[in-house]
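Undergrad: Need the 3D shape of this:
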Amino acid sequence: MRIHFIAIGGAVMHNLAISLAEQGHQVSGSDDQIVEPSKSRLKKAGLLPAKLGWFPEKITDEIDAVILGMHAEVDNAELIRAQELHIKIYSFPEFIYEQSINKTRVVVAGTYGKTTIMSMIMHVLKKLGRDFDYLVGAQLEGFDSQVKLTAHNKIILLEGDEYYASPIDHQSKFHLFHPNIALISGVDWNASRTDIGRDDYFEQFERFIDTIVKKGTLIYNKDNEYLREIVEETSDCKINRHGYRLPEYSINKGVTYLHLGDERIPLQVFGKLNLSNIAGAYTVCEWLGVKRMDFYNAIRDFKSSIRYLEFVASDHGRVVYQDFNYSSYKLQTSIHAVKEQFPDQGLVTIIELNPYESLDRSFLNQYRASMDESDYAVVFVNKDAIKDKNILISNLEAEITEVFNHKNFTFLKDVISLEQYLEGFKSLEFNLLFMISPNHNFVNVVGFADKFFKNY
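TA: Have a look, this model is predicted:
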């Protein structure tokens, strides 16, 4: 096929373009902005556009298909030209479904945990020597690309989300995959993270369940109250239903062990979210024919590769972890996981908040008293990330201090102050947890860890 990508620089889009080119398809593309690592990867593959911008003359009737990325607008000149020529226009999930119609499609969805569960399944299958196609939302350790699409593999693992498929297709991406096996890790509506109302948000997951093929399988987290309600609302669907729960575990000398009868399986990861994700990943692998002990022997050396409670450094019994901060729930569970893992050590938690979101009182209120379990609480709002100089970050300090209401609270507003805080903290018998904003632009956690370790 001759395939043209509109907005080829996107994370998934450029990986898909490279994968298709490697299969022998003729691939071209355009974008008005391409940054690293997309730029270097496209250049290496010979797919980097000669000039940035949109060029309708690239769209001719010789093109078999156009794949449209979310970065493009509805009035994009290349899109309009493709519509005029009646060329088939795909969103990337629609295209991937068409290319995998004869495969077993496994779709992992949920508000949190889907990339982690995907990485666990991929780790196990790879370790067991099973080949598969995949589409995952982050670059994972041990895998060269976020997309693998072949003609011969019988299984494809797909990370699905509830956001628009393309600028001209407002269906949720995961509604287009029609899974044979679907997993939902949990559903949690957060007004500050989405423009979709609560009922509409939950409805996207109900509709996702409806898209599972007849006699397909739904795997779901029975510990999530909202998800249980959604599953009950879709009880008429003629599918298999397999719920999973947090498995039994214990912690000994800083190591978490899964309980399998009398056997104890040591893990490289910890925390209830990770343990729940392992239970979900196991259930998927079980449906794919993986034997129980093969799965648990393979998961022993799994390490988080997407910055969920990711190990950064250790020194003299002190440990530094980093994690992404998506919500107060995520913050609380990550703090609890570190405290549970190391009950005899204190914890310093530093959370980075987006300065623009912090101006929204409803956004701040969700974090009320959310750091109580940490011994020291630090909130960092980087004033250097603010482009509008009329916004005074100092006005936020009183509000943020009142919301967190922590006895050992510190508010910091620039990187220098953060470095000084870490260097001045007497860190003997303390661990450090960085909760980083998903759109962070300053963080050098390894350097901060070194400063934390200096004073003991």
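Undergrad: Report the spatially nearest residue to Ile351, omitting neighbours in sequence.
TA: Nearest residue to Ile351 in three dimensions, chain neighbours excluded: Met435, at 4.2 Å (CB to CB, 6 or more residues apart in numbering). No exception for glycine: its C-beta is placed from N, CA and C like everyone else's.
Undergrad: scratch that, Thr256 is what I was asking about
TA: Here the residue nearest Thr256, using CB to CB, 6+ apart, is Phe270, at 4.2 Å.
Undergrad: can I assume that neighbour is in contact with Ile251?
TA: Yes: shown here, Phe270 and Ile251 form a contact pair, counting by CB atoms under 8 Å, at 7.4 Å.
Undergrad: Starting from Glu84, give me the distance back to Pro56.
TA: Distance from Pro56 to Glu84, counting by CB to CB, to the nearest Å: 9 Å.
Undergrad: Also Phe363?
TA: Counting by CB to CB - Phe363 and Glu84 are separated by 43 Å.
Undergrad: tell me the mean pLDDT over the host helix or strand of Tyr321?
TA: Counting by DSSP states H and E, the element that carries Tyr321 is strand 318-324. The average pLDDT for strand 318-324 rounds to 92.
Undergrad: So for Phe363 and Glu84, which sits in the more crowded spot?
TA: Comparing Phe363 with Glu84 by other CB atoms under 10 Å, the one with more neighbours is Phe363, at 19 against 10.
Undergrad: pretty sure the more buried one is touching Tyr356, no?
TA: No: in this structure, Phe363 is not within contact of Tyr356 by CB under 8 Å, at 9.4 Å.
Undergrad: Show the model's pLDDT score for the closest residue to Asn325 other than its chain neighbours.
TA: Spatially, and ignoring its direct neighbours in sequence, Asn325 is nearest to Met435 (3.9 Å; CB to CB, 6+ apart). pLDDT recorded at Met435 is 92.
Undergrad: Show me the residue at the heart of the protein, geometrically.
TA: Thr115 (4.7 Å; CA atoms, centre = their mean).
Undergrad: My guess is it contacts Gln139. True?
TA: No: the pair Thr115 and Gln139 fails to qualify as a contact (CB under 8 Å) at a distance of 10.3 Å.
Undergrad: list the contacts for Asp61?
TA: Asp61 sits next to 85, 87 when contact means CB atoms under 8 Å, 6 or more residues apart in numbering.
Undergrad: Provide the secondary structure category for it.
TA: coil (DSSP: H, G, I helix; E, B strand; the rest coil).
Undergrad: on that earlier part again, centre of the chain to the helix or strand hosting the residue nearest to Asn325, how far?
TA: Per DSSP H and E: Met435 is located in strand 430-436. Averaged C-alpha coordinates place strand 430-436 at 20 Å from its chain's average position (CA atoms, centre = their mean, to the nearest Å).
Undergrad: can you check stretch 210-229 too?
TA: The answer for stretch 210-229 is 20 Å, by CA atoms, centre = their mean.
Undergrad: Can you point out the buried residues in that stretch?
TA: 211-212, 216-221, 224, 226-227 (16 or more other CB atoms under 10 Å).
Undergrad: before we move on, what about stretch 95-107?
TA: Per 16+ other CB under 10 Å, stretch 95-107 contains these buried residues: 95-97, 99-100, 103-107.
Undergrad: same thing with stretch 345-357?
TA: For stretch 345-357, a neighbour-count test (16+ other CB under 10 Å) marks 345-355 as buried.
Undergrad: Please apply the same query to stretch 282-291.
TA: Buried residues in stretch 282-291 (16+ other CB under 10 Å): 282-285, 287-288, 290.
Undergrad: residues in contact with it?
TA: With CB under 8 Å, 6+ apart as the criterion, stretch 282-291 contacts 104, 106, 108, 117, 121, 124-125, 128, 155, 181, 183, 217, 219, 242, 244, 292, 295-296, 299.
Undergrad: Just those: which are in strands?
TA: 104, 106, 108, 155, 181, 183, 217, 219, 242, 244 (DSSP state E).
Undergrad: Ile265: how many residues sit nearby?
TA: For Ile265, using other CB under 10 Å, the count is 18.
Undergrad: Quick check: bridge partners of it?
TA: Using DSSP bridges, the bridge partners assigned to Ile265 are Leu258.
Undergrad: Against Val319, how distant is Gln23?
TA: Gln23 is 44 Å from Val319, by CB to CB.
Undergrad: Comparing those two, which shows the higher neighbour count?
TA: It is Val319, of Gln23 and Val319, that has more neighbours when counted by other CB under 10 Å, with 20 against 13.
Undergrad: Any idea what the more buried one is bridged to?
TA: Ser314.
Undergrad: can I assume it is in contact with Gly346?
TA: No: between Val319 and Gly346 there is no contact under CB under 8 Å: 11.8 Å.
Undergrad: who touches both of those two?
TA: With CB under 8 Å, 6+ apart, Val319 and Gly346 have common neighbours Asn431.
Undergrad: ok, Tyr257 - how many residues close by?
TA: Neighbours of Tyr257 (other CB under 10 Å): 15.
Undergrad: OK, contacts around the nearest residue to it once chain neighbours are set aside?
TA: Counting by CB to CB, 6+ apart, Arg264 is the residue found nearest to Tyr257 once chain neighbours are left out, at 4.0 Å. Going by CB under 8 Å, 6+ apart, Arg264 touches 250, 257-258.
Undergrad: and of the residues you listed, the nearest to Glu73?
TA: Using CB to CB, the shortest approach to Glu73 within these belongs to Leu258, at 48.3 Å.
Undergrad: can you pull the contacts of that closest one?
TA: So Leu258 contacts 247-249, 264-265, 267, 275, 278, 296 (CB under 8 Å, 6+ apart).
Undergrad: What's the ChimeraX syntax to select whichever of these are buried?
TA: ChimeraX command restricting these to the buried ones, with burial defined by 16+ other CB under 10 Å:
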select :249,265,267,275,278,296
